[in-house]
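Undergrad: Turn this into a structure:
(one chain, ligands or ions: 2)
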Amino acid sequence: MNSKDIYILGIESSCDDTAAAVIHNGTVLSNVVATQEIHQEYGGVVPELASRAHQQNIVPVVHQALHKANIDKKQLSAIAFTRGPGLMGSLLVGTSFAKSLAFGLDIPLIDVNHMQAHILAHFIKAEGQTAPNFPFLAMTISGGHTQIVKVTDYFEMEVIGQTLDDAVGEAFDKSAKILGLPYPGGPLIDKYAQEGNPKAFKFPKPKVGPLDFSFSGLKTSVLYFVEKETNQNPSFVQENMKDICASLQHTIVSYLMDKLKNAVKQTGITEVAIGGGVSANSGIRKALQQAQTNKGWKTHIPKFEYCTDNAAMIAMVGELKFKNQLYAKTDVTAQARMELGKS
Ligand code: KG4
Ligand code: ZN
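TA: Numbering: from 1, shown residues only. Ligands and ions are numbered 1, 2, ... in the order given. Reported below is the predicted structural model:
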């Protein structure tokens with residue numbers, strides 16, 4: 001093995017995906033994700049069930065990641081794990097596992113902030129993916145977060161706008177639940193939206209500060225709208241599913257784009273990246289591509305597998321931290337709440 005060869009195992013267990021990946025000098029060798037199906041029955045993530053499933057999944061998932069990467073664990077340079085933010089019981093599984101493995105192999109342990117990883121996923125070397133130049137704006141849109149971040153360097157990030165209540169992924173998922181769709185409803189709304197009329201119905205865009213977001217009112221307006229229409233026609237939702245989804249998606253995407261435009265105006269930065277599960281949404285991807293053509297922004301959209309929760313992004317941050325010898329202390333613990341830029 002060349003001494004310049006860096007092999008990092010990344011472990012992600014912050015919510016309901018148990019994931020492990022191996023990265024070698026910026027290139028992903030394996031990226032394994034076990035999505036927990038059990039939560040579908042409950043219409044949302046049940047924390048206690050999530051941590052139990054992580055316990056069951058973690059050993060086979062890590063084993064598979066090493067096997068697919070075709071390396072032995074003795075070749076690993078370091079182990080990177082998600083320290084937070086996320087569900088405490090879930091985080092503890094990945095944290096304890098990573099600590100034990102790093103200790104057993106006598107290699108460095110690296111703690112990673114999940115939100116920072118969604119942003120730095122753009123630095124993974126992959127076909128069709130170009131690394132952003134500093135400074136750039138990153139909009140992280142997921143089931144747990146909605147933020148606009150000014151990224152000055154790998155480890156220098158400032159949150160300049162965020163949601164005051166629900167995350168955008170929650171807005172998708174909760175609206176989907178009202179429409180009778182299974183959890184997580186975001187991808188289903190996206191699927192129906194592609195065949196519907198985005199102007200069929202009108203939903204209000206919540207008014208807050210120029211860079212902030214609010215989604216709880218939108219969910220309520222979807223609920224009232226559905227209740228009102230269903231009173232007159234019990235099969236209204238089934239008959240209009242595509243148009244409702246298209247209209248809802250149109251409202252959310254144009255709201256996200258309004259905020260990004262405000263951020264570009266305020267900072268003068270025109271290089272823009274998105275990350276997090278909702279960046280898999282076809283509407284936001286299309287809107288960003290249009291902004292690249294019409295507004296001259298330089299935009300970065302991650303590959304699908306690096307949008308939703310994955311361990312390749314954790315391994316990527318691990319590699320960057322490893323090069324800077326930013327290791328975790330042996331008494332490191334999981335942290336459910338974690339600020340960006342302060343980790
Ligand atoms: O980043 P992620 O995998 O997990 C969190 O850290 O939250 O994001 C999951 C969220 C869910 O709310 C899911 O509904 C949403 O991302 N999502 C989508 C799409 N794919 C995933 N929302 C809208 N359109 C999609 N295509
Ligand atoms: Zn995430």
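
Undergrad: residue ranges of the strands in this structure, please?
TA: Counting by DSSP state E, the chain has strands at residues 7-12, 17-24, 27-35, 78-84, 109-113, 136-141, 146-153, 156-162, 271-275, 298-300.

Undergrad: These into TSV, with extra columns for mean neighbour count, distance to ligand 1 and mean pLDDT?
TA: Yep, even glycine has a C-beta here, placed from its N, CA and C like the rest. Conversion of these to TSV gives the following (neighbours: other Cβ atoms under 10 Å; distance: least, Cβ to the nearest ligand atom, whole Å; pLDDT from 0 to 100):
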stretch	mean neighbour count	distance to ligand 1	mean pLDDT
strand 7-12	29	9	98
strand 17-24	28	7	95
strand 27-35	19	9	92
strand 78-84	28	10	97
strand 109-113	26	12	97
strand 136-141	26	8	97
strand 146-153	21	10	97
strand 156-162	17	14	96
strand 271-275	24	8	96
strand 298-300	19	16	97
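
Undergrad: how about these, which one is nearest Pro187?
TA: Closest approach to Pro187 among the strands of the chain (Cβ to Cβ): strand 27-35, 11.7 Å.

Undergrad: Against which helices or strands is the closest one packed?
TA: Using 3 or more Cβ pairs under 8 Å, 6 or more residues apart in numbering; DSSP states H and E, the elements in contact with strand 27-35 are strand 17-24, helix 47-69, helix 312-323.

Undergrad: who are the neighbours in contact with the closest residue to Tyr306 other than its chain neighbours?
TA: In this structure, Tyr306 finds its nearest non-sequential neighbour in Ala121, 4.4 Å apart by Cβ to Cβ, 6 or more residues apart in numbering. Shown in contact with Ala121 (Cβ atoms under 8 Å, 6 or more residues apart in numbering): Gly275, Pro302, Tyr306, Cys307, Asn310, Ala312, Met313, Met316.

Undergrad: hmm, try it at 10 Å
TA: Ala121 sits next to 129, 138, 273, 275-276, 279, 300, 302-303, 305-307, 310, 312-314, 316-317 when contact means Cβ atoms under 10 Å, 6 or more residues apart in numbering.

Undergrad: again, but for Cys245
TA: Applying Cβ under 10 Å, 6+ apart to Cys245 gives the contacts 172, 175-176, 179, 181, 185, 188-196, 198, 200.

Undergrad: From His24, how far out is it?
TA: Applying Cβ to Cβ, to the nearest Å, the value for Cys245 to His24 is 40 Å.

Undergrad: Then Ala287?
TA: 34 Å.

Undergrad: Need the per-residue pLDDT for the residue nearest to Tyr183 when sequence neighbours are not counted.
TA: Among residues not flanking Tyr183 along the chain, Gly43 sits closest, at 4.9 Å (Cβ to Cβ, 6+ apart). At Gly43, the pLDDT value in this model is 71.

Undergrad: For this protein, list the residues in contact with ligand 2, please.
TA: Applying Cβ under 5 Å from the ion, we find that the chain lies next to ligand 2 at Ser142, Asp309.

Undergrad: Can you spell out the domain ranges of the chain, please?
TA: Listed by automatic domain parsing, the domain ranges of the chain are 3-122+307-323, 130-301.

Undergrad: Single out the most deeply packed of these.
TA: Mean neighbour count (mean count of other Cβ atoms under 10 Å) peaks for domain 3-122+307-323 among the domains of the chain, with a mean of 22.
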